[in-house]
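> I need the structure of the sequence given here:
(one chain, ligands or ions: 2)
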Amino acid sequence: MRIGVIGAGAWGTALAQVAAHGGGSVRIWARDPAVAEAINATRCNPLYLPNIALSPSIEAVSDPAAMADMDALLVVTPAQAVGAVLATMPVGSKPLVLCSKGIEAGTRRLVGEVARAIHPAAPIAVLSGPTFAHEVAAGLPTAVTLACEEPELREALSARIAAPHFRPYATDDVTGAEIGGAIKNVLAIGCGVVEGAGLGQNARAALIARGFAEMTRFGLARGGRAETLAGLSGLGDLVLTCSSTASRNFSLGVGLGQGRSAAELLADRRTVAEGAFTAPVLRQAAAEAGVDMPVCDAVCRLLEGAGVSEVIGALLARPLKAEGA
Ligand SMILES: NC(=O)C1=CN([C@@H]2O[C@H](COP(=O)(O)OP(=O)(O)OC[C@H]3O[C@@H](n4cnc5c(N)ncnc54)[C@H](O)[C@@H]3O)[C@@H](O)[C@H]2O)C=CC1
Ligand SMILES: O=C(CO)COP(=O)(O)O
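Ligands and ions are numbered 1, 2, ... in the order given. Take a look at the predicted model:
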């Protein structure tokens, strides 16, 4: 199976490296021709994944037409760009494996819903889990959720993408897998705020647990399953990104917790912190679904510029409730 990777940021490049394991043929599309040229010339992606020697079976391109003869496409652009980028791609009935984590602003669609609307003949899969790109690219072990409703395709994709250090677990719950990955980014910002404001490790653990309750409520309301939300793409990724400054979302939260503004922090970055885009859309989607998400709402308010002590104070002062409610 020839694998095409759409998006040559950190994660697209790391996934290309996984798919090239054992000499598998991989073509990676970069929006910026200079990135494609650098990968082909130096066998490295100096801008997005420095210090990783890329496999010789990875070829980089910047023309979407070059993806026409791939057998399956991994979609790895920032979530807000998936619709625009997929509209330029020769997809037809090729399987699309969605690896971006987010919800589209305006439409409130999950990335899979965006892809289905543009390429209705393409079968959809989702790959998501605890996967810092630099660790995966360096060959450190992890496990991921591979979600797809079609059993044969699910099996074929799992077999193609698996490597000794990269272990996919299969499910048919595409929605559950997508929702975990999107919401954990918002919660990671919240945990970064706790760290930046010096609120302590108890607070961070409490936020992870109550955040997971919100992720589960929203995921169930949108048709996902509890076991998926408690799996690698949900709880697994939540624990990873809520506990490490290697997470862009967590580190954005650290800056907010130290009193810096979201605008200032985001202006400094070339790489994407998806939670900043997902948070306001999630607030709308949660209201629409009638799901209470006070932690995610607090993250929204912090991104909008509300003060840390005011927001945390309001969160803690809400009426007491039962844990399972
Ligand atoms: N970096 C990581 O460890 C992981 C990232 N992800 C997800 O993968 C997705 C991509 O993340 P990264 O590769 O880390 O991003 P990145 O920030 O390293 O790179 C983003 C890439 O997308 C391109 N890009 C930016 N705006 C674009 C647009 N409007 N149209 C087309 N291309 C555009 C950039 O040129 C760059 O190649 C995100 O949804 C992220 O949440 C998922 C798992 C791990
Ligand atoms: O999704 C990720 C790890 O699974 C990467 O997290 P950040 O985007 O917060 O760096």
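> C-alpha from now on. contacts and neighbour counts both.
Noted.
> And residue 22, what's its pLDDT?
At residue 22 the predicted local distance difference test score is 86.
> Residue of the stretch 201-325 of the chain closest to ligand 2, please.
Closest approach of the stretch 201-325 of the chain to ligand 2 (Cα to the nearest ligand atom) occurs at residue 247, with a separation of 3.4 Å.
> In contact with the residue nearest to that residue when sequence neighbours are not counted, which residues?
Closest residue to residue 247 apart from its sequence neighbours, by Cα to Cα, 6 or more residues apart in numbering: residue 241 at 5.4 Å. With contacts taken as Cα atoms under 8 Å, 6 or more residues apart in numbering, residue 241 has the following neighbours: 130, 184, 185, 188, 247, 249, 250.
> before we move on, back to that, what about the residue of the stretch 201-325 of the chain closest to ligand 2, distance to residue 3?
Taken as Cα to Cα, to the nearest Å, the spacing of residue 247 relative to residue 3 amounts to 27 Å.
> Between these two, point out the one with more neighbours.
Neighbours of residue 247 and residue 3, each counted by other Cα atoms under 10 Å, are more numerous for residue 3; the result is 24 against 19.
> Verify the stated contact: the more buried one with residue 21.
No. Under the criterion of Cα atoms under 8 Å, residue 3 is not in contact with residue 21, lying 11.6 Å apart.
> on contacts alone, who are the packing partners of the helix or strand of the chain with the lowest mean pLDDT?
Across the helices and strands of the chain, mean confidence by mean pLDDT, DSSP states H and E is lowest for helix 262-267: a mean of 94. Helices and strands touching helix 262-267, as assessed by 3 or more Cα pairs under 8 Å, 6 or more residues apart in numbering; DSSP states H and E, comprise helix 248-257.
> and the helix it packs on, what other elements does it pack with?
Counting contacts by 3+ Cα pairs under 8 Å, 6+ apart, helix 248-257 is packed against helix 174-196, helix 262-267, helix 274-289.
> With ligand 1 as the reference, name the closest of those.
When those are ranked by proximity to ligand 1, the top entry is helix 274-289, at 5.5 Å, counting by Cα to the nearest ligand atom.
> what's next to the closest one, contact-wise?
Outside helix 274-289, the residues that touch it by Cα under 8 Å, 6+ apart are 78-80, 101-106, 108, 182-189, 218, 221-222, 249, 292-293, 296-297, 299-300, 303.
> Let me know the average pLDDT across it.
Here helix 274-289 scores 97 as its mean pLDDT.
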